[in-house]
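K.L.:
Provided below for reference: sequence and predicted model.
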Amino acid sequence: AEKNHTQTLNFNGTISPTPNWNISFSSGFDMKLLKLTQTQINISRNLHCFNFSFNWVPLGTCKSYSFRIAVTSSMLADILKYDKRSSYWDNQ
């Protein structure tokens, strides 16, 4: 059986431009195929009473996104939230 080796350089990071904003990302570079690997970008914002988050996978086989707005209070979290998703299964 032929062995298949992959050489990938991964990188990730997080920045917080303000105390209420958080942006993180992760990706990699496949040095054998000379292309980017699956990339993920996450953006979140604390809106005091609400939390907003957006997660996006623009590259790779698992392309998807998720957008969420939820109440910060744990008592109301299950009652008041908005969640919109797209799955990579939608792309097949």
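P.N.:
Great, that's in hand.

K.L.:
show the end-to-end separation of stretch 17-25, please.
P.N.:
In terms of Cα to Cα, to the nearest Å, the two terminal residues of stretch 17-25 are separated by 14 Å.

K.L.:
chain center to that stretch, what's the gap?
P.N.:
Taking Cα atoms, centre = their mean, to the nearest Å, one finds stretch 17-25 lying 13 Å from the centre of the chain it belongs to.

K.L.:
please apply the same query to stretch 51-60.
P.N.:
The answer for stretch 51-60 is 4 Å, by Cα atoms, centre = their mean.

K.L.:
buried sites along that stretch?
P.N.:
Buried residues in stretch 51-60, counted by 16 or more other Cβ atoms under 10 Å: 51-52, 54-57. Every residue, glycine included, has its C-beta placed from N, CA and C.

K.L.:
centre-most residue in the protein?
P.N.:
Among the residues of the chain, the one closest to the centroid is residue 55, at 3.5 Å (Cα atoms, centre = their mean).

K.L.:
may I have the strands that pair with the helix or strand that contains it, each with its orientation?
P.N.:
Residue 55 is part of strand 50-59 when elements are defined by DSSP states H and E. Its sheet considered, strand 50-59 pairs with strand 39-46 (antiparallel), strand 64-71 (antiparallel) by DSSP bridges.

K.L.:
what does it contact?
P.N.:
With contacts defined as Cβ atoms under 8 Å, 6 or more residues apart in numbering, strand 50-59 is touched by 27, 36-45, 63-72, 88.

K.L.:
repeat that for 7 Å
P.N.:
The contact list for strand 50-59 (Cβ atoms under 7 Å, 6 or more residues apart in numbering) reads 36, 38-45, 63-72.

K.L.:
that one: how far from the chain's middle?
P.N.:
Using Cα atoms, centre = their mean, the distance between the centre of strand 50-59 and that of its chain works out at 5 Å.

K.L.:
put the alpha carbons of it into PDB.
P.N.:
These are the backbone C-alpha positions of strand 50-59, laid out as PDB (Å, rounded to 0.1, in the frame of the first residue of the first chain):
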ATOM      1  CA  PHE A  50     -27.000  40.200  24.400                       C
ATOM      2  CA  ASN A  51     -24.200  38.300  22.800                       C
ATOM      3  CA  PHE A  52     -23.600  38.200  19.000                       C
ATOM      4  CA  SER A  53     -21.500  35.600  17.300                       C
ATOM      5  CA  PHE A  54     -20.700  34.800  13.600                       C
ATOM      6  CA  ASN A  55     -18.700  31.700  12.700                       C
ATOM      7  CA  TRP A  56     -17.600  31.100   9.100                       C
ATOM      8  CA  VAL A  57     -15.800  28.300   7.300                       C
ATOM      9  CA  PRO A  58     -15.100  29.800   3.800                       C
ATOM     10  CA  LEU A  59     -12.700  27.100   2.500                       C
END
